[in-house]
Every structure is written in structure tokens, then in C-alpha cells.
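Student: no FASTA, just this:
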Ligand SMILES: Nc1ncnc2c1ncn2[C@@H]1O[C@H](COP(=O)(O)OP(=O)(O)O)[C@@H](O)[C@H]1O
Ligand SMILES: Cc1ncc(C[n+]2csc(CCOP(=O)(O)OP(=O)(O)O)c2C)c(N)n1
Ligand SMILES: [Mg+2]
Ligand SMILES: [Mg+2]
Ligand SMILES: [Mg+2]
């Protein structure tokens, strides 16, 4: 933590978000936002979902760990995941790339190739962007989405008694990060999960149709992100570790590195699994697994009924 009490590090990522968003009157055309995975805007002929994420070399990716193509795919994937987390389908992305003068042009074209690959797989394209000079490589992506006839699934609709469920992988990207940080390049399954997530995009609209009461994607870490859902919904959330899948591969990597794989599952970000709450008596949609329950307000996020007193995930400036 920075010694300067006025710095962004001392303010904290989420304190800073509060500070820059509080008291700003949104126009009536802002139907929702900020505060969720994406905003929902009214357009003359409907609604538009919009979200943005910035990725910085050395913070979110490294070109000695990932190919430019993988970086481009990741930059788009993390944004399309936020669109899915609202229950929407992506319609387009616009992208900004800032890079130093000596960056090979090929790096930029390959980043764009990766962006088109990930966008193309979702049936959309890159509809615009910006290229500028900078001291380091920075990528900014804005994704747009369409709710069709569905209502947005926000972070704020969970109710005590709902089932807490997840779709997608947890802990894989964190395991890959641990591997890469120690200078290894394998096992490739976890390393590729870190290089480029594979979010379960279709599960977002699917959960919305199935009546999910709240939803978000897991970018920072399950426990850290659930804290935002719990706060927005004014409920408690209990994660039941017996229901969490810790795959053999994660256990193998954990024992090779002397790390606890459950820790990666609970606090590792960047897999962009979707987490949602569902009414208790309905069947979960296909691909969704129960991992806990929504509890009464006041208890925050607990693990097997107990408070978790370590950092629940990534927070910028706190690492
Ligand atoms: N500078 C900013 N101005 C307005 N809203 C912001 C700003 N930075 C972040 N937010 C909002 O804060 C919320 C949390 O951001 P973040 O944790 O990055 O969400 P996510 O993990 O889904 O990308 C989002 O709704 C986002 O739009
Ligand atoms: C070189 C490198 N170091 C560390 C990480 C780990 N990491 C960086 S950002 C992050 C959290 C997710 O990024 P963020 O910008 O918070 O995305 P958002 O929550 O806005 O979707 C994690 C786990 C990484 N991916 N690459
Ligand atoms: Mg999100
Ligand atoms: Mg973000
Ligand atoms: Mg984050």
C-alpha cells in the first residue's frame, strides 16, 4: 500500500469507484448504471447494454507469457462476459490500443486478429476503435449488447433462500498465473486459461430466461465478487466448499507448486465464470451447479458458514 494517504492505492479500487460515481445524476436514458457488470441505456428503438474494461501490459497480461493473438482474444472475452452477465447477447465491440513507438506493427495486427476471432465466435465484429502512442501497451474494449425481450439480471435481485450457482470454471486462470509467475509454461490447460478465458457466454441469457434473480461474472475472485453481489442485493451469501469442484488438474498443479487449489477456486479471478442466484424450488438450467445459498442480510459472504478473513480476490493497487 502506498504511504500517501491521498493516493489511489490508499483510496482503494472500489473506494475510488464510489468517489467518481457518487452524486452524479444520470440522464433518464440511463436505465441502469453504473454499479453492475454493464449499463443499460435507452435508445429510441430499444435498449443497449454497454460495458468497458481496460487491460494493461504487466497488469493483465504479458507478451512474454501470451501471444498478441491471445491478448486480443482475452481483451474481448472479458467484455463479452460482462454483457452475458446482464443476460444479454453481444452486438459489437469497439477497441482502443495504445502502444509504444517501437511496438512491431505485427503485434497490433495480431492483437486485432485475436479480437476478431473472439468477436467472430460470438457472431459479432469490431466496429471501430482508436490507435494511439503510449509508454506501455494498453488495450481498452467497449462491448455493446442486446437484451432482446429479457429484463437485465442485475447484481441486486438476490433474495434470502435463493440458490447460489455457478456456470464455468473457477480457479484455472489463477493456477495458470501461479505457473507463469514461477517461470513455467505448462500444464498448458491452466496456462491457456490464464492467457485467454473461455466464458460461458450463452449461460447468461439462459440464466435470465430461467428466472435468475441476480447475476455477475467472476473477474476478481469468487469471494471478492460475491461481496459485491451480497452488498448490492443486501443479503448474505454462503459458499459451501463441498459443492465446489476442484478438478484433478488443479490439485496436481497445487501439489506441484505447494499451493492450495481450493484457494484458487475461492479467490482466483479471470476465468469469467458466471455466478447467479435462482429461486429455490426451480431446477437449475443445464450447466449450472449449486455452490451455496443466499442467506439473511448482515452476514456478508461466508464460507461453510464461517467468515473468510483473507483477501477474496484481486483489487487494483492492493497487490
Ligand atoms: N471511472 C468509472 N466511472 C464510472 N463507473 C465506473 C468507473 N470505474 C468503474 N465503474 C463501475 O463500477 C462497477 C464495478 O466495476 P468493475 O469491478 O470493474 O466491474 P466488472 O468487474 O464487472 O468489470 C461497474 O459498474 C463499472 O461500470
Ligand atoms: C501479468 C499479470 N499479472 C497479474 C494478473 C492477475 N490479474 C490481473 S487483473 C486481475 C483481476 C481482473 O481484472 P480487472 O481489471 O479487475 O477486471 P474487471 O474486474 O474490471 O473485469 C487479475 C486476477 C494477470 N492477469 N497478469
Ligand atoms: Mg463483471
Ligand atoms: Mg471492469
Ligand atoms: Mg476487477
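Tutor: Yep, that arrived. For clarity, every value in this text was computed on a predicted model and none was experimentally measured. Ligands and ions are numbered 1, 2, ... in the order given.
Student: Give me the neighbour count for the closest residue to residue 7 other than its chain neighbours.
Tutor: Among residues not flanking residue 7 along the chain, residue 317 sits closest, at 7.8 Å (CB to CB, 6 or more residues apart in numbering). The way it works is simple: take the backbone N, C-alpha and C, and place the C-beta from them, glycine included. Residue 317 has 14 neighbours, counted by other CB atoms under 10 Å.
Student: Let me know the distance separating residue 317 from ligand 3.
Tutor: If you measure residue 317 against ligand 3 using CB to the ion, to the nearest Å, the figure is 18 Å.
Student: what are the phi and psi angles of residue 213?
Tutor: In terms of degrees, to the nearest 10, the main-chain angles of residue 213 are phi -90, psi -30.
Student: Please work out the average pLDDT along stretch 222-241.
Tutor: The average of the pLDDT scores along stretch 222-241 is 98.
Student: tell me how far the ends of it are from each other?
Tutor: Across its full length, stretch 222-241 reaches 12 Å end to end, with CA to CA, to the nearest Å as the criterion.
Student: Repeat that for stretch 188-203.
Tutor: Stretch 188-203 has its terminal residues 25 Å apart, counting by CA to CA.
Student: Pull out the buried positions in that stretch.
Tutor: Using 16 or more other CB atoms under 10 Å as the burial criterion, the residues of stretch 188-203 that qualify are 190-201, 203.
Student: what does stretch 99-106 give?
Tutor: So, applying 16+ other CB under 10 Å, buried residues of stretch 99-106: 99, 103.
Student: ok so, going back, which two of the buried residues of stretch 188-203 have the greatest separation?
Tutor: When CB to CB is used, the two most widely separated members of the buried residues of stretch 188-203 are 191 and 203, lying 24.0 Å apart.
Student: Isn't residue 101 up against residue 133?
Tutor: Yes. At 6.2 Å, residue 101 and residue 133 qualify as touching, with contact defined as CB atoms under 8 Å.
Student: for the stretch 1-150 of the chain, what spans make up the strands?
Tutor: Listed in chain order, the strands of the stretch 1-150 of the chain (DSSP state E, counting those that start in this stretch) span residues 30-32, 39-43, 46-56, 89-99, 126-133, 138-146.
Student: want to try JSON lines for those, with distance to residue 225 and mean pLDDT as columns?
Tutor: Shown next, in JSON lines, are the strands of the stretch 1-150 of the chain (distance: least, CB to CB, whole Å; pLDDT from 0 to 100):
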{"stretch": "strand 30-32", "distance to residue 225": "18", "mean pLDDT": "95"}
{"stretch": "strand 39-43", "distance to residue 225": "18", "mean pLDDT": "94"}
{"stretch": "strand 46-56", "distance to residue 225": "14", "mean pLDDT": "97"}
{"stretch": "strand 89-99", "distance to residue 225": "20", "mean pLDDT": "97"}
{"stretch": "strand 126-133", "distance to residue 225": "27", "mean pLDDT": "96"}
{"stretch": "strand 138-146", "distance to residue 225": "18", "mean pLDDT": "98"}
